[in-house]
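Asker: need a structure here:
(one chain, ligands or ions: 2)
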Amino acid sequence: MRNGIRFESWYEDFNRFAGDLYEGRYTSDYVKDLVELGKEVRTLADEKGSLIVAHNYQYPELQEVAQAVGDSLGLSQYVAQQADKRVDFCGVWFMGETAKTIVGDRAKVYMPDKPGCSLVASIDRERIKGWLARNPEAVVISYVNTDARTKAISDYICTSRNAAQVLQHAADTHPGRRILFLPDKYLGSVALAQSTVDRDRVDLYDGACHVHAKIGEHALEESFDRHPDAELLLHPECGCSTSCLAKTTNGSSPYRNAYFLSTEQMLRRARSSAAPEFVVGTEAGMLYRLRKLVPEKTFHPISHDAMCEYMKMNTLEKLRDSLKHDRVEVTVEPHVREEAQAAIQRMLTIQ
Ligand code: 13P
Ligand code: SF4
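Answerer: Ligands and ions are numbered 1, 2, ... in the order given. Got it, this is the predicted structure:
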């Protein structure tokens, strides 16, 4: 929970911490407009009793007006504890749906726009139903990056922060049963490598995020050439994560220190590590948060085109309009919410 917004430092902060990420965006005229919009947003949010939350990949101005900024798991936990009237969720649609499933009729959930997610789009529910028909006793673990109906046919939901723990828990709780992990194959492989679960028991769906999948071996090698002494913070959705983890484990990785982390865990690692310099392998928005909250250290993006166009569909102007006109409201059919509840509850509690 954050208090007090320092609008007077927006121009300097946005250029200092995110100028290279969003080149040419933060001109002085544009930041003046943003400051006016930001003040309007806060006034409207207070009038409407709204809790504004923003994912780590959101533009700096959206992170700044939010009461909470974080990863998928952290924001879900925050909404579960704090929401009592209205939530304005700055993220992608599955995050809004998850929030709505968690709060039920206790609060309304709105989003500035209706952004999709390529991982969610990679899911073919008929294929999953076919797999379940062939494996009727099986356990389904879905990454939180799935639509509400897929969550409703899942036994467990996990996030990038607790995927290995959820997989281990599901395998231990249901000995001998097959497991389907979906939809991200890279996250699934990392979770398997970080658990003691028998590889042969698990079917990995072959979905991927278009932003992270292209962070492959090449990006990793190039960033190592540029910053050989940096510590590596890598999101498990990255295309290079599985091979990088294998190399780190057998000691053949050029990086002496490589960590496979959700976005919020990256912030924790950056704070606790003795390293002064980091290469960050995830969507660019994360860099603003890291640089602003840990200004004494240096953070390099692994690649300058790791930008999620879905996350960037949300703007301060759209958030203002959403608060003013009560749109876009997130709805999830009550029976889908009910069916997805238990799996989401497991996501919130398994650590
Ligand atoms: P986190 O849960 O790590 O925030 O990741 C969400 C996401 O969409 C990654 O692309
Ligand atoms: Fe989805 Fe990838 Fe964007 Fe995350 S970065 S919201 S997984 S498309």
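Asker: is it true that residue 212 touches residue 235?
Answerer: Yes - with contact defined as Cβ atoms under 8 Å, residue 212 reaches residue 235; the gap is 5.9 Å. In short, each C-beta sits where N, CA and C put it, glycine included.
Asker: mutual contacts of the two, please.
Answerer: Counting by Cβ atoms under 8 Å, 6 or more residues apart in numbering, the shared contacts of residue 212 and residue 235 are 282, 283.
Asker: what parts of the stretch 151-300 of the chain come near ligand 1?
Answerer: 159, 160, 209, 212, 237, 262, 263 (Cβ under 6 Å from any ligand atom).
Asker: and the residue sitting furthest away from the middle of the chain, what pLDDT?
Answerer: Largest separation from the mean C-alpha position in the chain: residue 134, at 31.9 Å (Cα atoms, centre = their mean). The model reports residue 134 with a pLDDT of 96.
Asker: do the same with the one 4 residues further on
Answerer: Model confidence at residue 138, given as pLDDT, is 97.
Asker: neighbours of it, how many?
Answerer: Residue 138 has 16 neighbours, counted by other Cβ atoms under 10 Å.
Asker: ok, now which ones touch it?
Answerer: When contacts are counted by Cβ under 8 Å, 6+ apart, residue 138 touches 131, 132, 177, 178, 179, 180.
Asker: run the last query once more with 7 Å
Answerer: 132, 177, 178, 179, 180 (Cβ atoms under 7 Å, 6 or more residues apart in numbering).
Asker: pull out the buried residues from those.
Answerer: Neighbour counting over the contacts of residue 138 (16 or more other Cβ atoms under 10 Å) leaves 178, 179, 180 as the buried ones.
Asker: secondary structure element for the last one?
Answerer: So the one you mean is residue 180. Secondary structure assigned from DSSP states H and E places residue 180 in strand 179-182.
Asker: now for that strand, which elements pack on it?
Answerer: strand 139-143, helix 163-173, strand 202-204 (3 or more Cβ pairs under 7 Å, 6 or more residues apart in numbering; DSSP states H and E).
Asker: so, low pLDDT: which residues of the stretch 1-150 of the chain?
Answerer: When residues are selected by pLDDT under 70, those of the stretch 1-150 of the chain lie in 1-3.
Asker: so what's the residue in it that ligand 2 sits nearest to closest to, chain neighbours aside?
Answerer: Ligand 2 sits closest to residue 117 of the stretch 1-150 of the chain, with a gap of 3.2 Å, by Cβ to the nearest ligand atom. Distances taken as Cβ to Cβ, 6 or more residues apart in numbering place residue 92 nearest to residue 117, at 4.7 Å, with adjacent residues excluded.
Asker: so that neighbour makes contact with residue 115?
Answerer: Yes - the criterion here is Cβ atoms under 7 Å, and residue 92 meets it with residue 115 at 4.6 Å.
Asker: tell me which of these two has more neighbours.
Answerer: residue 92 (26 against 20).
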